[in-house]
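Participant: here is my input, please return the structure:
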Amino acid sequence: MRRAACPGSFDPITNGHLDIFERTSQIFDEVVILVTHNPNKKTMFSLDERQDLIREATAHLDNVVVDSMSGLLVNYATKNNITAVCKGLRVATDFDYEIQMAQMNHKIAGVETLFLTTNPVHSFISSSLVKEVAKYGGDVRDLLPASAHDALLAKIAEDIASP
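Facilitator: The predicted structure is shown next:
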């Protein structure tokens, strides 16, 4: 069985992420969406919330599972028989950052990295930008799966309500 992982913080999942998951699921027998925990990164959504939002958005993909991890991706990959990592690239700076990780992952554990170029309709979307625009009242409905959009607006409302 060919297994791949799509790692990321997904805070929250965007339609750009979903596009990469869908395309990866057409290439591999099983795709593990790995929600990463980085203690140095402040997220809006908890690890469990991010996993739930991804599960809901990918429910139509029979060969996609959602898990979480912290630590080295290659350790998770080795333990779970994952031979490839799939990442979406929006702009050249994404490649500059990702290529070093891909080369390190291959050197350490022989894990291949496949880069999928983002569909141009999603190339400007990032979770950080979506959160910022939404915080200032911008309409981000078309940039997120519906459940993630609703959850984002609820989080923003919570933040406004609690001083």
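
Participant: assign a three-state SS to Lys42, would you?
Facilitator: coil (DSSP: H, G, I helix; E, B strand; the rest coil).

Participant: what's the local residue count around it?
Facilitator: The number of residues packed near Lys42 is 7, by other CB atoms under 10 Å. Glycine gets a C-beta too; all of them are placed from N, C-alpha and C.

Participant: show me where pLDDT drops low in the chain?
Facilitator: Applying pLDDT under 70 to the chain picks out residues 163.

Participant: strands along that one, start to end?
Facilitator: Counting by DSSP state E, the chain has strands at residues 3-8, 30-36, 64-69, 84-89, 112-117.

Participant: mind checking how far the third one is from the chain centre?
Facilitator: What it means is strand 64-69. 10 Å (CA atoms, centre = their mean, to the nearest Å).

Participant: the longest helix that the chain contains to strand 84-89, inter-axis angle?
Facilitator: Counting by DSSP state H, the longest helix found in the chain is helix 92-109. If you take axes from the mean of the first three to the mean of the last three CA atoms, to 10 degrees, helix 92-109 sits at 170 degrees to strand 84-89.

Participant: what comes up buried for helix 92-109?
Facilitator: 94, 98, 102, 105 (16 or more other CB atoms under 10 Å).

Participant: give me the helices and strands touching that helix, please.
Facilitator: helix 73-79, strand 84-89, strand 112-117 (3 or more CB pairs under 8 Å, 6 or more residues apart in numbering; DSSP states H and E).

Participant: contacts for it?
Facilitator: For helix 92-109, contacts defined as CB atoms under 8 Å, 6 or more residues apart in numbering pick out 72-75, 77-78, 85, 87-89, 111-113, 115.

Participant: likewise stretch 60-71?
Facilitator: Against stretch 60-71 from outside (CB under 8 Å, 6+ apart): 7, 21-22, 25, 28-39, 47, 51, 54-55, 58, 76.

Participant: please apply the same query to stretch 34-53.
Facilitator: 5-13, 54, 66-70, 73, 76, 131, 145, 147-148, 151-152, 155.

Participant: how about a cut-off of 7 Å?
Facilitator: The contact list for stretch 34-53 (CB atoms under 7 Å, 6 or more residues apart in numbering) reads 5-13, 54, 66-70, 76, 131, 147-148, 151, 155.

Participant: selecting buried members of those residues in ChimeraX, what would you type?
Facilitator: The ChimeraX selection below is limited to those of those classed as buried (16+ other CB under 10 Å):
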select :5,6,7,8,9,10,11,12,13,54,66,69,76,131,147,148,151,155
